[in-house]
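Asker: Output the structure for:
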Amino acid sequence: MQLEVKEISKKFYSGFFGNNVVDAVDVVSFDIKEGEVFGLVGGSGSGKTTVSKIIMGLLKPTSGSVFYYNRDLTKVSNHDWYYLRKEIQMVFQHPQMTFNPRRNIYFACAEPIRLYKLAKNKVEEKEMVEHLIERVGLTKDQLKKYPHELSGGQAQRLSITRALCLQPKFIICDEPTSMLDVSVQAQILELLKEIHDEFNITMLYISHDLEVIQSICDRVAVMKTGKIVEIGNTEELFNNPQHPYTKQLLESALYI
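Answerer: Residues are numbered from 1 along each chain as shown. Just a heads-up that it's a prediction; the model follows:
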């Protein structure tokens, strides 16, 4: 198993004395097989993004473990995360917020290549950047532009390019199409499918939209108020949901 999430919980404390407790994630477990696209779906506040941040090492769980190829990510050092981040990348909901506005697109793509010394020289670096930028549907001419000059769809393509620069084995996609219009959303989903097939990258796809989840995922976990209420093969779950909340999502005209 490539990734195993075992009984993770995350409590947040608020109030002057920290006596208000919110169980953002409450004993969540699931596993993701190598090469699989695994969906995590649920409404706002269900705990999806908190789970992703725990997997990425951006949050420490209150309890539980996350194993990546049998290595507990909740216990690795910052030094070890330097190497792990090459294998585990993330595509965010708001890509433009993750770029340096004072640096052009070429720098955004070349920076991780330089950080991990993946190119022998500037020529090879340029070839890598140009190859990937064209692979995701952008052009070489756009490399001179700055992030604010890109449309939402172009910015998300750039975010995907930057993740691919490190040749990752695992990508977390956190609502990557929710801010895009329907036509662009379909294009980005198709691009992610192509990348998955071409590079055999395992994906955790997080969304509130069941239609999106159905179109891209092999298996799905449904979250509600910090808990997973149902996990199953995508086709089976959509055709024969077992939990009332899953049925509610499927029957609703507006997916939560």
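
Asker: Quick one: the strands in the stretch 151-256 of the chain, in order.
Answerer: Using DSSP state E, counting those that start in this stretch, the strands of the stretch 151-256 of the chain run over 170-174, 202-207, 219-224, 227-233.

Asker: okay, those in CSV with mean neighbour count, distance to residue 119 and mean pLDDT next?
Answerer: (C-beta placed from N, C-alpha, C; glycine too.) Formatted as CSV, the strands of the stretch 151-256 of the chain follow (neighbours: other C-beta atoms under 10 Å; distance: least, C-beta to C-beta, whole Å; pLDDT from 0 to 100):
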stretch, mean neighbour count, distance to residue 119, mean pLDDT
strand 170-174, 24, 21, 95
strand 202-207, 24, 25, 96
strand 219-224, 24, 36, 96
strand 227-233, 17, 41, 96
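
Asker: Which one, of those, ends up nearest to residue 191?
Answerer: Taking C-beta to C-beta, strand 170-174 is the member of those nearest to residue 191, at 11.0 Å.

Asker: Could you pull up phi and psi at residue 57?
Answerer: Backbone dihedrals for residue 57, given as degrees, to the nearest 10, come out at phi 80, psi 10.

Asker: excluding its backbone neighbours, what's nearest it?
Answerer: Of all residues not flanking residue 57 in the chain, residue 81 sits nearest, at 5.3 Å (C-beta to C-beta, 6 or more residues apart in numbering).

Asker: Secondary structure element holding that neighbour?
Answerer: helix 78-87 (DSSP states H and E).

Asker: Which helix or strand lies directly C-terminal to that helix?
Answerer: According to DSSP H and E, the helix or strand after helix 78-87 is strand 88-91.

Asker: Can you give the contact residues for the top helix by length along the chain?
Answerer: Of all the elements of type helix in the chain, the one with the most residues (DSSP state H) is helix 182-199. With C-beta atoms under 8 Å, 6 or more residues apart in numbering as the test, helix 182-199 has contacts from 37, 136-137, 151-153, 156-157, 160, 164, 167, 173, 176-177, 180, 201, 203, 205, 212, 215-216.

Asker: Can you turn the buried part of those into a ChimeraX selection?
Answerer: Those of those that count as buried under 16 or more other C-beta atoms under 10 Å are selected in ChimeraX with:
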select :37,136,137,152,153,156,157,160,164,167,173,176,177,180,201,203,205,212,216
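
Asker: Okay, and which of the contacts of helix 182-199 map to helices?
Answerer: 152, 153, 156, 157, 160, 164, 212, 215, 216.

Asker: burial of residue 104, as a residue count?
Answerer: Here the number of neighbours of residue 104 (other C-beta atoms under 10 Å) works out to 17.

Asker: Show me which residues of stretch 54-74 are buried.
Answerer: Quick answer for stretch 54-74 (16+ other C-beta under 10 Å): 54-57, 59, 61-62, 64-68, 73-74.

Asker: Could you work out the most separated pair of these?
Answerer: For these, and using C-beta to C-beta, no pair is farther apart than 62 and 68, which are 19.6 Å apart.
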